[in-house]
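Undergrad: Below: sequence and its predicted model.
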Number of protein chains: 4
Amino acid sequence: MKGEKRKQLILDCAKKLFAKQGFYRTQISDIVREINIARGTVYQYFANKEEIFICLLEDAYSKWEKAIYDAVELINLKTITPVEYFRLRIKTTLDFLLADPDICEIVMSMGFGLPEGLEKATRKLEEKIRDIALNDFKLGLHNGYIRESINTLHAAEMIAAAVLRSAYYFQNNKKEEKQIDKITDEIVNLFAPGIFTADVLAALS
Amino acid sequence: MKGEKRKQLILDCAKKLFAKQGFYRTQISDIVREINIARGTVYQYFANKEEIFICLLEDAYSKWEKAIYDAVELINLKTITPVEYFRLRIKTTLDFLLADPDICEIVMSMGFGLPEGLEKATRKLEEKIRDIALNDFKLGLHNGYIRESINTLHAAEMIAAAVLRSAYYFQNNKKEEKQIDKITDEIVNLFAPGIFTADVLAALS
Amino acid sequence: MKGEKRKQLILDCAKKLFAKQGFYRTQISDIVREINIARGTVYQYFANKEEIFICLLEDAYSKWEKAIYDAVELINLKTITPVEYFRLRIKTTLDFLLADPDICEIVMSMGFGLPEGLEKATRKLEEKIRDIALNDFKLGLHNGYIRESINTLHAAEMIAAAVLRSAYYFQNNKKEEKQIDKITDEIVNLFAPGIFTADVLAALS
Amino acid sequence: MKGEKRKQLILDCAKKLFAKQGFYRTQISDIVREINIARGTVYQYFANKEEIFICLLEDAYSKWEKAIYDAVELINLKTITPVEYFRLRIKTTLDFLLADPDICEIVMSMGFGLPEGLEKATRKLEEKIRDIALNDFKLGLHNGYIRESINTLHAAEMIAAAVLRSAYYFQNNKKEEKQIDKITDEIVNLFAPGIFTADVLAALS
DNA sequence: CATGAATGAGGATTCATTCAT
DNA sequence: AATGAATGAATCCTCATTCAT
C-alpha cells in the first residue's frame, strides 16, 4: 500500500515535468529532487525513464476509455438526438482532457522525436478519439444522419485534431473564464453543419 | 558560392533527419556521416545544433509567407467568392506543406519538449496559419460573409489544426492517389457550412 | 538451530551462483530471490558479500584438510609404497574437488580480479595442494624416493595446477563416464616417471 | 597514424590495469587518468570496456600464433628429436608468456566470472595450447614416439595448465634469476618420462 | 575553409547496504 | 529474527562542441 502510494507520487511528479519540459529535458534527478526521494527509488518501481512515460499514458488512456464508457451509460440512447450525441462525445473528451492538463499537453505533442517505442504510445489517444468518431460516423451514415458526401476518415481526423487543439486553446485562455460547455458548443456549431444531413439540422431549430 | 551550397546541403540533410527522428535523436554525427563532411564543418556555418533547427524553420516560414502572398497576387479579389477565397487559402497551405513533407512533419510536432528557445519557433507556423485565418474572419465578418455567432479565435485554431492534420493524413494515405484538390474540397465542405452565413452558402448551389 | 540452517542455505546458494557467474556478476538479489528470503536477512548472517565468499572458501578448506588428514589415518604408512602414497594424495584431492564441483570451479578461477582481500583467499587451496606436495617431496627426497634433479617447488606447482585442471576436465567430460580412479591413474602415470627414482619405479613392474 | 598510436596507448594501459586488478575493478576512469586523456577519447577507439578487453586478447593470440609458427620455421624437422621438439614448443610458449607478463596474468585468470562474451575469449589461449599439444601427440603416436597408454586429451590439458602455471610461477620468483631455459628443462624433465616411449627416452642418455 | 581527434560535462542506471517496522 | 523499501555512491557511456593542423 505504501509502495503503491510512492509509485503514484513518482508518476504524478513525472507527469507534471514531462508536460512542462518534455521527455528529454526531464531528468530523473529532477523527479527525485522534486519529491525528495533517492535516485534508486525510482528504479524500484520503474525499469527506466521510458517505462514511467508509458505507464503515464496508459493510465490516461484507461481513464479516458472509462469516461467515454460511463458517459454513454448515463444517457438514453433512444431519445438522444444525433447532434446531442455528438455534443456528448466532444464534451466527455474535453472534460477528460481539461481535468488533466498535463496529460493533455503530453498527448498534444504527438510524440514526435521520442525514443522509438514512445512515439506510437503518445499517438494512441488521438487515434482512439478518431476511431470513436469514425465509428459514430458509420452508425450515423447507416441511420441517415450523416451526409453521404463526407470522407469519414478524413473528417474524423480533423475533428480529433480540432478537439485536442481546443483543449489546448482552453488551457491558454483560461482567464476568459470560458466554460467547457461554451467551448463544446463552439466545436459542435463549427462542425455540425458540415457533418449532419439537412434533416437532422432542421430538427435543431 | 560553394559555401552557400554547403550550408544548404547541411540544412537539407538536417531537415530530413529532424523530420524522421526529431531534434534530440538526430545527432550531428548523423548529419556529417550522411553528407560526407567533417564534424567541424557544420560549426563553420551554424553556431550550434539549435541554430540549424531555427534556420530550417525560418526558411520554411518565409517560403510559406511568400506562397500565401503570391497566391493572392494571382487572383481577382473583386470577383472571387468568399468560399473560393477560403478554399484558396486552404489549398495554398496544403500545397506548401505537401511540397515539403519534412517541414510539415517538424511543424506538426509543435515543438513539445524541445530546448527552451525552439519550442516557440516550431509553434510559429500553426500560429501564422491561425492568424491569417483570424484576419480573414474579421474581414468576412465585416462584409457579412461569416456567421456572427462563431468565436473567431477558437474557430481559427481548429481550422489550423485540421489543415495541418490533413496534410499529415495525406502523407500517410498517399497510396489512395488522393489529389490535393480533393483533400481541399473535403476540408472546405466540412468547415464552410459552419463558418459562412446562409447567404454565402446559398450562392454555392 | 534455525538460524544455522538459514546461514547454510545462503552459503549453498551463494556457492552455486558464484561458481556459475563469478563474484561480480552474482548479486545479493540473485541469492535472496533464489532461496526466497528477504534482502536484509543476508546481512543478519554476513557482514557483506565478501564475507559470504570468504566463509565459503574457508568451509571448503577445512573440509579439504580433514579429507587429507582422514585419508592418511586410514592407511598403513609402513607398508604403502611411495607411488601408492602419491596416488592416494591425488585421489583424495580429486574426490574432494569432484564431490563439490562448485568449489572446484571457484578455486580454479584463482581469484583473479576479485576485490583485494579475496584474491589471496581463493588462491589458498592451490597453495595448500602445492605445499602438501612440496612437503611430500621433501620426505621423499630424504628417503631417496624422489629424483634429486627435480626442482621441488616448481614441480609441486605444476602438479597442483594439473590436478585442479583435471578436476575441471572431468566435470566437462562426465558423459564419458570416466571413473575418478581412471583419472587418478592418468595423472599418476603422467607424473610418476618424471618424479620418482628408478628404484621406486622399478618396484612397480 | 596518430590515431593508431593513441589506440595502442589505451590498449597498453588497459592491459596493465586489467592484469593488476581484473576486469571489474579496472575502471575507464583509471585508464584515462593514467594516460592523461579525456573519458570520451576511449570511446572513439572502442565501443566499450569489453571491446578493449577482447581486442587485447586477440592481439595476444595472434602474436602467440605467429610465435609458434615462426619457431617451427626455424628448425630442421628432419633432424630434430621428439623431445627437442617438445622442448621447443614449451620454450616458445614460455618465451611468449614471459615477454608479456600482463597478458600472462590475464590469461591465467581463465576469465572466470567475466561478462558473458569475455569468458570464452580468455579461455582461448589455454585451449590453443592444449590443442597444439593434442595435435603433436597424435603425430607422435603415429610415429611411435608417444606411449600408447596415455589419454592424450587429458595429458594435453595437464601440460597446458602446467605451462601456464610455470609462467606464473616464474613471474613471482624472478629474484632467483631463473633462466627460461632452466624452467623449460624442468617442465620437460617432469613430463617427458611419462609421455615418451622407452625408445625415445633411451636415445637421450 | 575543412578536418576529425579530443574533450568533458552530463545523464541513466546499478546494486550493496541500511534501517524502520 | 525477518522484512523489503529506501538509499546514494559509483560507473558506464553519450554527444555537442572545440581547436590544432
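TA: Structure's in. What do you need?

Undergrad: anything in the biggest helix by length in chain A near DNA strand F?
TA: Secondary structure of chain A per DSSP state H: the longest helix is helix A:116-142. No - residues of helix A:116-142 are not located near DNA strand F by Cβ under 7 Å from any atom of the strand, the shortest gap being 12.6 Å. From N, CA and C alone the C-beta is placed, and that goes for glycine too.

Undergrad: who does that helix touch, helix- and strand-wise?
TA: If you count contacts as 3 or more Cβ pairs under 8 Å, 6 or more residues apart in numbering or on different chains; DSSP states H and E, helix A:116-142 packs onto helix A:49-73, helix A:82-99, helix A:101-108, helix A:152-171.

Undergrad: one more time with 6 Å, if that's ok
TA: helix A:49-73, helix A:152-171 (3 or more Cβ pairs under 6 Å, 6 or more residues apart in numbering or on different chains; DSSP states H and E).

Undergrad: Of these, give the one that comes closest to DNA strand E.
TA: Among the helices and strands packed on helix A:116-142, helix A:49-73 comes nearest to DNA strand E, with 4.1 Å by Cβ to the nearest atom of the strand.

Undergrad: Tell me if the closest one is near chain B.
TA: No - when contact is scored as Cβ under 6 Å from any Cβ of the partner chain, no part of helix A:49-73 falls within range of chain B; the minimum is 10.9 Å.

Undergrad: What mean pLDDT does that helix get?
TA: Helix A:49-73 carries an average pLDDT of 92.

Undergrad: So which bits of it are buried?
TA: A:49-50, A:52-53, A:55-57, A:60-61, A:64, A:68, A:71 (16 or more other Cβ atoms under 10 Å in any protein chain shown).

Undergrad: The lowest-mean-pLDDT helix or strand in chain A close to chain B?
TA: The least trusted helix or strand in chain A, going by mean pLDDT, DSSP states H and E, turns out to be helix A:101-108, with a mean of 83. No - Helix A:101-108 is not in contact with chain B by Cβ under 6 Å from any Cβ; minimum separation 6.8 Å.

Undergrad: list the helices and strands that helix packs on?
TA: Going by 3+ Cβ pairs under 6 Å, 6+ apart, helix A:101-108 lies up against helix A:2-25, helix A:152-171.

Undergrad: So which residues on chain A come close to chain B?
TA: Proximity of chain A to chain B, by Cβ under 6 Å from any Cβ, involves residues A:22-24, A:109, A:112-113, A:151, A:154-155, A:157-158, A:161-162, A:165, A:169, A:186, A:190, A:193-194.

Undergrad: My read is that A:A156 contacts A:D131, right?
TA: No - using Cβ atoms under 6 Å, A:A156 is not in contact with A:D131, being 7.5 Å away.

Undergrad: Between the two, which has more neighbouring residues?
TA: Higher neighbour count among A:A156 and A:D131: A:A156, with 23 against 13, using other Cβ atoms under 10 Å in any protein chain shown.

Undergrad: Please work out the average pLDDT along stretch A:168-184.
TA: Computed over stretch A:168-184, the average pLDDT equals 80.

Undergrad: Walk me through the domains of chain A.
TA: A:1-46, A:54-202 (automatic domain parsing).

Undergrad: and the ones you listed, which one's lowest on average pLDDT?
TA: Across these, domain A:54-202 gives the lowest mean pLDDT, at a mean of 89.
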